[in-house]
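Asks: Starting from these lines, generate the structure:
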Amino acid sequence: MVLDTFMYLDYKEAREGVPLREILTDLETHPDYGGGGVHFGEYTILKEAAVNEEVGDLVIGCQSVNMGYDSGTCACTFTSPDKSNVYVVYRGTGDGEWPDNGIGMTQEATAQQKRALSYFEEVVQYMDLGENHRVIVTGHSKGGNKAQFVTMESKYGKLIDACYSVDGQGFSEMAVDRWKSKYGQEGYEERTGKLNGIHGENDYVSVLGNSIIPEEHIRYVKTPVEKNNFAGYHDIKYMFASLDYVGISGEYVTTFHGRKNSDTGKKGELGIYAAALSGKVMNLAPEKRDGCAAVIMQIMEVAGGKRKTGINGEKLKLSDIKDFTVMGVPLITQSLFKGKEGRSFLWSFLDKKVSLGEITGGIVLQVNDRELFRQAQILKDAVEEMKKLTEEIRQTAEGIPLYMKGGTVFYHRIKLAANKTEKLENQLFLTAQFQEQVSESYRKWDLQES
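Replies: This is a model prediction of the structure:
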């Protein structure tokens, strides 16, 4: 877990072959780390943990950034001084990787999982790992998912002694069925028997997909987070934190330590609700689940201030937005207000003096379908105006004297402008069409209710 935390320093300038303690010394006065900046929490955890020689003496190597891998495949190794213990560590979701997480809920394997596998097998060959080594594969969040995937998929699987997935999500049923078919039940259980889960009590990512980690191999860790810090429930550093109330200021202060918090023995209210919601999503038909997952993961990507397309060029389609609007929104609303897990979660996060009461009727989504339809018509009118504009631009281009058409850039720029407006016109039309479909879906729900 300490090594998984190191990956979030995003420190790509670490020198190969130096101990962790030495790297931390290099960062002691760096404004982002020891200097109290954005990664001060992670740095504090590592600095305190590295006092233990078994941690501080671990030597970094095989950094993926130096091996030609993309920014999403962020991984490295840490080796004990006698080279007997080797830790292969994967970072959590990198820039552009959120869409890949969604794909992992509907397909056998994703591009980023395959790259993680390629990295591991290259490391095995480069370091000449064998049965005389103790090999541990680990990672947090998507890194934990990659660590699981590598353990299940690698041709060097027998060399892996254990996998520790910290808050790592599960897999699609297609991936699980493939492994059971590939290895047989006994071989499948042999591989999954190496998997271990360490999850925050209120983590909401480890419950996504189908978990293949044996239940008896999963531990839930106390994660003290202020209620308004939703991201903190999935942040590994809060597994090393204490939350202390300062009476004088009336505020809570978070302190980070070099040892993980104690186990709780069970999920928290948010963790239970997230698991219930994930189960409902996984029960959707794969093509509908794919659309819902794509929208949610894109929201996560953009919310993190990252790129608007996936690292492998994944983009949202109108059909994805439709699936989320028509299937995902009602499912989330229903589970939150009607399901016992959702209501317990709300109760735990609200002022206990507030009564939720009993919701005996259906959940009402207040949507003005007429307004949606009206807006769609406005968009269609705009499409017609753009058609006229495109035609005018083309006519202007054709009106240029023949002797100027072949020898001037101006003519070609006008033609290019016409092509661009036509492309925008098509995109606008698809948006209007989609909004009409959403409006019609909500209208039909109203008719069914009445």
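Asks: mind listing the strands for this structure?
Replies: Along the chain, counting by DSSP state E, strands occupy 59-61, 75-79, 85-90, 134-140, 160-166, 195-200, 218-221, 241-246, 251-256.
Asks: Kindly present those strands as CSV, with separate columns for mean neighbour count and mean pLDDT.
Replies: Bear in mind the C-beta positions are built from the backbone N, C-alpha and C, glycine included. As requested, the strands of the chain are exported to CSV (neighbours: other Cβ atoms under 10 Å; pLDDT from 0 to 100):
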stretch, mean neighbour count, mean pLDDT
strand 59-61, 19, 98
strand 75-79, 23, 98
strand 85-90, 24, 98
strand 134-140, 25, 98
strand 160-166, 24, 98
strand 195-200, 25, 98
strand 218-221, 18, 97
strand 241-246, 13, 85
strand 251-256, 13, 86
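Asks: With residue 28 as the reference, name the closest of the ones you listed.
Replies: Closest to residue 28 of the strands of the chain is strand 251-256 (Cβ to Cβ; 15.9 Å).
Asks: Just checking the distance from the closest one to the centre of its chain.
Replies: How far strand 251-256 lies from its chain's middle: 27 Å, per Cα atoms, centre = their mean, to the nearest Å.
Asks: Quick check: can you name the pairing partners of that strand and their directions?
Replies: strand 241-246 (antiparallel) (DSSP bridges).
Asks: Show the end-to-end separation of stretch 244-261, please.
Replies: By Cα to Cα, to the nearest Å, the extent of stretch 244-261 from end to end equals 14 Å.
Asks: typo on my end, stretch 208-223
Replies: With Cα to Cα, one end of stretch 208-223 sits 19 Å from the other.
Asks: So residue 115 is in contact with residue 69, correct?
Replies: Yes - assessed by Cβ atoms under 8 Å, residue 115 is found in contact with residue 69 at 6.4 Å.
Asks: So between those two, which is more surrounded?
Replies: A direct count of neighbours by other Cβ atoms under 10 Å for residue 115 and residue 69 places residue 115 higher, at 20 against 17.
Asks: residues contacting the nearest residue to the more buried one once chain neighbours are set aside?
Replies: Closest residue to residue 115 apart from its sequence neighbours, by Cβ to Cβ, 6 or more residues apart in numbering: residue 73 at 4.5 Å. Contacts for residue 73 (Cβ atoms under 8 Å, 6 or more residues apart in numbering) come out as 64, 94, 112, 115, 116, 119.
Asks: And residue 73, its phi and psi?
Replies: phi -80, psi 70 (degrees, to the nearest 10).
Asks: Tell me how far it lies from residue 13.
Replies: From residue 73 across to residue 13, the span is 18 Å (Cβ to Cβ, to the nearest Å).
Asks: shouldn't residue 257 be in contact with residue 45?
Replies: Yes - here residue 257 reaches residue 45: they are 6.9 Å apart, a contact under Cβ under 8 Å.
Asks: more neighbours, those two?
Replies: More crowded of residue 257 and residue 45, by other Cβ under 10 Å: residue 45, with 25 against 13.
Asks: What pLDDT does the model give the closest residue to that one other than its chain neighbours?
Replies: Nearest non-adjacent residue to residue 45, counting by Cβ to Cβ, 6+ apart: residue 240, 4.7 Å away. We have a pLDDT of 97 for residue 240.
Asks: Using the record's assignment, carve the protein into domains.
Replies: 2-272, 282-349, 369-449 (automatic domain parsing).
Asks: Deepest in the core, which of these is it.
Replies: Ranked by average neighbour count under the criterion mean count of other Cβ atoms under 10 Å, those are headed by domain 2-272 at a mean of 19.
Asks: ok, and what's touching stretch 46-54?
Replies: By Cβ under 8 Å, 6+ apart, stretch 46-54 touches 2, 5-6, 9, 20-21, 24, 34, 55-56, 80, 257-259.
Asks: what does stretch 171-183 give?
Replies: Here stretch 171-183 has contacts from 104-109, 145, 148-149, 152-153, 188, 190-191, 209-210, 212, 282, 286, using Cβ under 8 Å, 6+ apart.
Asks: Let's check: the centremost residue of the protein is which one?
Replies: residue 98 (4.3 Å; Cα atoms, centre = their mean).
Asks: ok, it touching residue 297?
Replies: Yes - using Cβ under 8 Å, residue 98 makes contact with residue 297 at a distance of 4.2 Å.
Asks: Quick check, pLDDT for the residue nearest to residue 214 when sequence neighbours are not counted.
Replies: Nearest in space to residue 214, with sequence neighbours left out and distances taken as Cβ to Cβ, 6+ apart, is residue 192 at 6.2 Å. Looking at residue 192, its pLDDT stands at 98.
Asks: who's in contact with residue 192?
Replies: 152, 212, 213, 214.
Asks: Take these and write them to CSV, including pLDDT.
Replies: Shown next, in CSV, are the contacts of residue 192 (pLDDT from 0 to 100):
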residue, pLDDT
152, 98
212, 97
213, 98
214, 97
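Asks: Reformat the residues you listed into a markdown table and put distance to residue 268 next to each item.
Replies: Compiled in a markdown table, the contacts of residue 192 are given as follows (distance: Cβ to Cβ, whole Å):
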| residue | distance to residue 268 |
| --- | --- |
| 152 | 28 |
| 212 | 22 |
| 213 | 18 |
| 214 | 21 |
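Asks: Among these, name the ones in helices.
Replies: residue 152 (DSSP state H).
Asks: what's the closest of the contacts of residue 192 to residue 401?
Replies: Nearest to residue 401 among those, with distances taken as Cβ to Cβ, is residue 152, at 68.3 Å.
Asks: can you pull the contacts of the closest residue to residue 40 other than its chain neighbours?
Replies: Of all residues not flanking residue 40 in the chain, residue 33 sits nearest, at 6.7 Å (Cβ to Cβ, 6+ apart). By Cβ under 8 Å, 6+ apart, the contact set of residue 33 is 9, 11, 27, 39, 40, 42, 43.
Asks: per-residue confidence at the residue nearest to residue 261 when sequence neighbours are not counted?
Replies: Leaving aside its chain neighbours, residue 261 sits nearest to residue 222 (4.1 Å; criterion: Cβ to Cβ, 6+ apart). We have a pLDDT of 95 for residue 222.
Asks: Identify the residues contacting residue 222.
Replies: Contacts of residue 222 (Cβ under 8 Å, 6+ apart): 201, 239, 261, 262, 263, 264.
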